[in-house]
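Asker: just to be clear, the model below is a prediction. Sequence and coordinates:
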Amino acid sequence: MSSHLKIDDVHDAIENGAGTKNEIAEHVGKSPSNTNRKLKEWVENEDVRLDRHWNHGDAGGYVYTIPAEDAVDDAEDLPILGSRNYDWDRFVPEVDDVPAYRQADQELDEIEAVLEARESTGQLPRFQISGPTGCGKTTLAEFLAADRGAPMITIQCNYALRGAELLGTPQIVGGDVMWVDGPLTRALLASREREVVVLIDEVTRATARSKGTLFPALDHRAEVKIKPRGNELIAGDASNLITVATMNEGQDYETESLDAAEERRLGLKWELPYLGQHSPGLEADLVADKTPMESADARVLVDAANVVRDAAEDESEPALTRGVPTPAVISWAQTAYAFAERGIDDPVGRAMQSAVVKPVYDEVAGDVAGKIHSALKQADQEPELSNTEEAKA
């Protein structure tokens with residue numbers, strides 16, 4: 001037998017009764033740690049036929065499944081994984097795991113105002129957040145859910161997403177064929193009992209076939225029909241269904257346009273810049289909170305990142321299509337500190353290459369590096385990286 005675990009081996013294990021990572025590891029004769037690593041890799045790859053679901057039934061725990069396409073026509077009588085005994089608390093983000101959200105222009109305050117007044121106004125809690133990658137769109141949704149103690153369910157839009165996947169599909173689970181609810185079905189079920197935050201990530205990448213399933217659930221009826229299950233009606237509470245639809249902006253994003261009716265379904269809209277473009281001091285504070293670097297030194301990195309961000313918005317520079325994401329600035333600060341502690345020469349410049357230029361940029365790497373180097377040279381101060389932990393303490 002090959003020393004490498006193959007996806008066909010995993011499929012065979014699942015078809016023959018294995019469901020958990022340990023059962024799959026035992027079936028294929030591999031160590032649980034190596035098996036778990038490969039399973040995680042495959043689940044995150046949308047081109048691989050493998051899913052992972054939490055079993056909310058008596059057994060509990062995660063189980064791995066594969067699609068059972070042949071069972072679609074007979075799905076009406078299939079047992080449902082976990083019997084829909086969902087523990088919604090498991091879907092609530094942990095407050096300690098979610099970064100504090102720093103507003104660019106009172107967008108969080110305004111969203112919360114709409115939520116608090118919706119019983120009086122009758123306004124459905126539907127929100128759109130647009131902006132470049134790494135500006136905090138997803139963090140806003142996560143923070144909103146964690147702060148309100150609400151379950152969060154993510155619908156990741158892409159060109160391969162089928163409408164049926166939003167509602168649910170037959171899956172082979174531990175050798176048996178079962179129905180597994182999709183994210184939209186789960187969101188509607190959760191809304192019957194409590195608020196639920198639904199992150200519709202990159203909604204402008206959704207195709208017409210998936211939007212045809214998604215958008216009818218966003219009006220005041222908040223319901224869908226699952227055709228393979230005999231047109232089973234799943235109705236939720238529209239006022240408890242808090243949707244946050246995100247969309248990326250930039251010249252290098254291939255997207256589907258939204259018509260006027262779809263825009264209305266998605267609700268109120270905010271356009272977010274990078275935090276540092278609107279409030280460089282706030283982004284510097286965020287970097288300082290996440291790294292050993294002091295806020296004044298982090299401001300130097302933020303100002304340098306803003307040079308690239310501004311250039312990315314300049315139509316006269318068509319080759320540069322994206323700015324520096326906030327997570328990349330944080331990684332830059334962390335890496336620069338590590339390099340300085342090791343005694344590596346020019347830690348800020350070298351960390352910029354490793355944490356910003358090479359991971360984020362490709363054909364324009366030299367141009368981006370040049371812009372950042374120039375900005376650092378023009379700064380009034382170089383970041384002071386030695387003993388920053390002691391200074392912050």
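Answerer: Great, that's in hand. Numbering: from 1, shown residues only.
Asker: in the top strand by length along the chain, what counts as buried?
Answerer: Longest strand of the chain, by residue count under DSSP state E: strand 241-248. Going by neighbour count (16 or more other Cβ atoms under 10 Å), the buried part of strand 241-248 is Leu241, Ile242, Thr243, Val244, Ala245, Thr246, Met247, Asn248. No exception for glycine: its C-beta is placed from N, CA and C like everyone else's.
Asker: CSV for those, including distance to Val180 and pLDDT?
Answerer: Listed next are the buried residues of strand 241-248 as CSV, based on distance: Cβ to Cβ, whole Å; pLDDT from 0 to 100:
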residue, distance to Val180, pLDDT
Leu241, 21, 98
Ile242, 24, 98
Thr243, 22, 98
Val244, 24, 98
Ala245, 24, 97
Thr246, 25, 96
Met247, 28, 92
Asn248, 29, 85
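Asker: C-terminal to the longest strand of the chain, what's the next element?
Answerer: The helix or strand immediately downstream of strand 241-248 is helix 260-266, counting by DSSP states H and E.
Asker: quick one: list the elements packing against that following helix.
Answerer: strand 126-131 (3 or more Cβ pairs under 8 Å, 6 or more residues apart in numbering; DSSP states H and E).
Asker: in which helix or strand does Gln334 reside?
Answerer: helix 326-342.
Asker: touching that helix from outside, list them.
Answerer: The contact list for helix 326-342 (Cβ atoms under 8 Å, 6 or more residues apart in numbering) reads 134-136, 274-276, 283, 286-287, 290-293, 298, 301-302, 305, 347-348, 350-352, 354-356, 359-360, 383, 385-386, 388.
Asker: show the buried residues in the residues you listed.
Answerer: The buried subset of those - by 16+ other Cβ under 10 Å - is 134-136, 274-276, 283, 286-287, 290-293, 298, 301-302, 305, 347-348, 351-352, 355-356, 360, 383, 385, 388.
Asker: filter these down to the ones in helices?
Answerer: 275-276, 283, 286-287, 290, 298, 301-302, 305, 347-348, 351-352, 360, 388 (DSSP state H).
Asker: export the helix holding Gln334 as PDB, just CAs?
Answerer: What follows is helix 326-342, C-alpha atoms only, in PDB (Å, rounded to 0.1, in the frame of the first residue of the first chain):
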ATOM      1  CA  THR A 326      -4.900  44.900   7.500                       C
ATOM      2  CA  PRO A 327      -3.900  41.300   8.400                       C
ATOM      3  CA  ALA A 328      -0.800  41.700   6.200                       C
ATOM      4  CA  VAL A 329       0.200  44.800   8.200                       C
ATOM      5  CA  ILE A 330      -0.200  42.800  11.400                       C
ATOM      6  CA  SER A 331       1.900  40.000  10.000                       C
ATOM      7  CA  TRP A 332       4.500  42.600   8.900                       C
ATOM      8  CA  ALA A 333       4.800  43.900  12.400                       C
ATOM      9  CA  GLN A 334       5.000  40.500  14.000                       C
ATOM     10  CA  THR A 335       7.600  39.300  11.500                       C
ATOM     11  CA  ALA A 336       9.700  42.500  11.900                       C
ATOM     12  CA  TYR A 337       9.700  42.000  15.600                       C
ATOM     13  CA  ALA A 338      10.800  38.400  15.300                       C
ATOM     14  CA  PHE A 339      13.600  39.400  12.800                       C
ATOM     15  CA  ALA A 340      14.800  42.100  15.200                       C
ATOM     16  CA  GLU A 341      14.900  39.700  18.100                       C
ATOM     17  CA  ARG A 342      17.100  37.400  16.100                       C
END
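Asker: now it: buried residues?
Answerer: Going by neighbour count (16+ other Cβ under 10 Å), the buried part of helix 326-342 is 326-340.
Asker: and it, how far from the chain's centre?
Answerer: Chain-centre distance of helix 326-342: 23 Å, with Cα atoms, centre = their mean, to the nearest Å.
Asker: what does stretch 151-169 give?
Answerer: With Cα atoms, centre = their mean, you get 13 Å for stretch 151-169.
Asker: same thing with stretch 232-250?
Answerer: With Cα atoms, centre = their mean, you get 15 Å for stretch 232-250.
Asker: also stretch 144-163?
Answerer: Using Cα atoms, centre = their mean, the offset of stretch 144-163 from its chain centre is 8 Å.
Asker: which of the ones in helices among the buried ones among the contacts of helix 326-342 lies closest to Gly366?
Answerer: Checking these against Gly366 with Cβ to Cβ, the nearest one is Met352 at 12.6 Å.
Asker: wait, the closest one sits on Ile372?
Answerer: Yes. Counting by Cβ atoms under 8 Å, Met352 touches Ile372, with 5.5 Å between them.
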